[in-house]
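1. Need coordinates for the following:
(chains A, B, C and D)
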2 protein chains.
Amino acid sequence: MMLSKSCIYGIQAAIYVSAHDSEEYVSISQIASELKISFHFLTKVLQQLTQAGLMISYRGPKGGVALARAAKDISLYDLVGAIDSTAIFTECLLGLPGCGVAAPCPAHDHWTKIRSELTTISRRVTLESMGKKASELNVRLSEEFRYAQSQYLDHKSAPANGHV
Amino acid sequence: MMLSKSCIYGIQAAIYVSAHDSEEYVSISQIASELKISFHFLTKVLQQLTQAGLMISYRGPKGGVALARAAKDISLYDLVGAIDSTAIFTECLLGLPGCGVAAPCPAHDHWTKIRSELTTISRRVTLESMGKKASELNVRLSEEFRYAQSQYLDHKSAPANGHV
DNA sequence: TTATATTTGGACAAAAGAGTCCGAAATCTT
DNA sequence: AAGATTTCGGACTCTTTTGTCCAAATATAA
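-> Predicted coordinates:
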């Protein structure tokens, strides 16, 4: 798998948060419920994002998480780096420890090219660009995702939210 | 990690085999010893490659494995597909099940581009091209790899090989 | 102050990946 | 035919990832 489950959950949650009013905290239980991710597991993933300084959290009623900076300033690269690691952007394909310019591994040249493109694009794709695409199309999230959303709204009616 | 350990071992072993005289089988214990991979583990990985039809195996003295077809006709794509899966070449970045043209996920466009490039290059890079690069440079394998090689030669002197 | 909501962080359980071991089957050599 | 070599395939262990649960800390509301 390209990215770990933790990482995918973290990205999805970050997109979800960025799509919300930045004036309020979004509770982790709400995110988990709508995205159909285990609440307790998501809790740990989001702790990684707050510890990495990408999100801020607030305890107690009306607490939750929020983006630490503007959505346009949080890239896919940041998220992946905070949860998995930046190894995917820097490591040799074959995992050979000494691989480099002096002693390139057999797939070195080709992989270097793909990797740098991967890095460039990951840095360019931000929560804002992903969120924008989402609201424009209104279908950006998979069937399952949307189903989860409707389920949630049925259950809980509009949650009373305060402000930061 | 981009590729599983099994996959990396399989690719390394395949490169090793392709660098040998195609008239003889290479024993798995020899490969494992030179590449410093657990023999028993490599055994299973290479079974996957033979079951996928990329290699052929032969039991008994002077047995081992050999490429099932010419090195130029076995690509990185084949190897990865046989051991990990082709999911990396086809799947959505965020792992959303319904992701596609009708309901693209937020990172869809960008990822599609990288993915198709990854696929193209993986199909184009073959055991031959990787092996060629290796013998040209004579440094293609990492320090560790070469160290393992010298260790092996010290220990065992030239192994007596028969022919297929 | 008391009750409630929410994140934090540690402990634990389950599943998957990585690695080890051993007996059986196939094949060569003597 | 007997013994040695080598792959095959199953069982097992160890580690990492994924997922669950609970008590403690923090904050709001009544």
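2. does the residue sitting nearest the centre point of chain A sit in a helix or strand, and which one?
-> Closest to where the C-alpha atoms of chain A average out (CA atoms, centre = their mean) is residue A:11, at 1.5 Å. Per DSSP states H and E, residue A:11 falls inside helix A:5-18.
3. Now do the same for that helix: mean pLDDT, whole number.
-> The average of the pLDDT scores along helix A:5-18 is 95.
4. Same check on stretch A:39-59?
-> Mean pLDDT, computed over stretch A:39-59, is 98.
5. Is the helix ranked longest in chain A in proximity to chain B?
-> As assigned by DSSP state H, the longest helix anywhere in chain A is helix A:108-124. Yes - interface with chain B: helix A:108-124 contributes A:108, A:109, A:110, A:113, A:114, A:117, A:118, A:121, A:124 (CB under 8 Å from any CB of the partner chain). (C-beta placed from N, C-alpha, C; glycine too.)
6. Repeat that for stretch A:67-79.
-> Yes - against chain B, stretch A:67-79 shows contacts by CB under 8 Å from any CB at residue A:76.
7. in that stretch, what counts as buried?
-> For stretch A:67-79, burial by neighbour count (16 or more other CB atoms under 10 Å in any protein chain shown) applies to A:67, A:71, A:74, A:75, A:76, A:77, A:78, A:79.
8. so where do the helices sit in chain A?
-> Using DSSP H, helices in chain A cover A:5-18, A:28-35, A:39-51, A:76-83, A:87-90, A:108-124, A:127-137, A:143-156.
9. Need the contact partners of the third one.
-> Under the contact criterion CB atoms under 8 Å, 6 or more residues apart in numbering or on different chains, helix A:39-51 has outside partners A:6, A:9-10, A:13-14, A:28-29, A:31-33, A:35, A:55-57, A:65, A:68, A:79, A:82-83.
10. what sits against residue A:126?
-> Neighbour list for residue A:126: A:71, A:72, A:73, A:74, A:75, A:76 [criterion: CB under 8 Å, 6+ apart].
11. just the residues of chain A that are near DNA strand C, which are they?
-> Counting by CB under 7 Å from any atom of the strand, chain A comes close to DNA strand C at A:27-29, A:40, A:43-44, A:46-47, A:50-51, A:57-65.
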